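Trainee: A predicted structure for the sequence below; I have some questions about it.
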Amino acid sequence: MKKCTIIGKTGVGKTVFLINFAEYLGMNTIEIERLNSDGTKDYEKINPKLALSKLADGKIHKTRNIQAVTVDIPMGKGKKKIQLIDTAGLIDGIHPDSDIRKAISQTLSAVRESDFIIHIIDASAAGKKELPNAMGVVDYQIAQFAQIRRGYVILANKMDLPGAKNGLKKIKEELSGHFIIPISALHKTGFKEVKTFVAHNI
């Protein structure tokens, strides 16, 4: 089974994307596999709406551990399973909290082991340097690292928010040459194109 890692800065909507994309693919109940910092795993079955309120409440660095969901991607007459891996948000520089540093280290390990990468950038904050979810050095580093791999896409998220159109323009200018899909993870727009990208890479 192929692995797809969802990566990006903190607060860009990675967990909302994971949950809503799984629901978009037809999952009424999501089984989340959580990798703890001590190497143990927990499993939780949860419905998508409850998962959103529990796991994605808008707080910075809410996700502290790798959490994965296995989904079916329609392929011709059949389906293929892939594992979507949600990760702790990256930051520019070194975080003072050791737990968050461990979570970021987990994220980087997941990327190395991944078959393809979904890189989420908050389009509504792309040009606002003062925000923690603004596009930053780490986004350029991800793009530079990932461009040597076959399966890499940038999702310009939060297209439903003010300023996102200008942010999308900035993302396209700054990261030209990369495949960019504008989406709203909250409202599930752009998911058809994301599904096509995923299907092409499994």
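Mentor: All right, it came through fine.
Trainee: Residue 124 belongs to a helix?
Mentor: Yes - counting by DSSP: H, G, I helix; E, B strand; the rest coil, residue 124 is part of a helix.
Trainee: Around it, count how many other residues there are.
Mentor: Residues lying near residue 124 (other Cβ atoms under 10 Å) number 26. Just so you know, the C-beta spots here come from the backbone N, C-alpha and C atoms, and that holds for glycine as well.
Trainee: got the contact list for it?
Mentor: Residues in contact with residue 124 (Cβ atoms under 8 Å, 6 or more residues apart in numbering) are 158-159, 161-164, 167.
Trainee: Recalculate using a threshold of 7 Å.
Mentor: Listed by Cβ atoms under 7 Å, 6 or more residues apart in numbering, the contact set of residue 124 reads 158, 161-164, 167.
Trainee: Turn the residues you listed into CSV, including distance to residue 185, pLDDT and neighbour count.
Mentor: Shown next, in CSV, are the contacts of residue 124 (distance: Cβ to Cβ, whole Å; pLDDT from 0 to 100; neighbours: other Cβ atoms under 10 Å):
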residue, distance to residue 185, pLDDT, neighbour count
158, 8, 96, 29
161, 11, 95, 15
162, 17, 93, 9
163, 17, 92, 16
164, 12, 94, 21
167, 15, 93, 26
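Trainee: Mind checking which of those residues land in helices?
Mentor: Secondary structure assignment by DSSP state H places 164, 167 of the contacts of residue 124 in helices.
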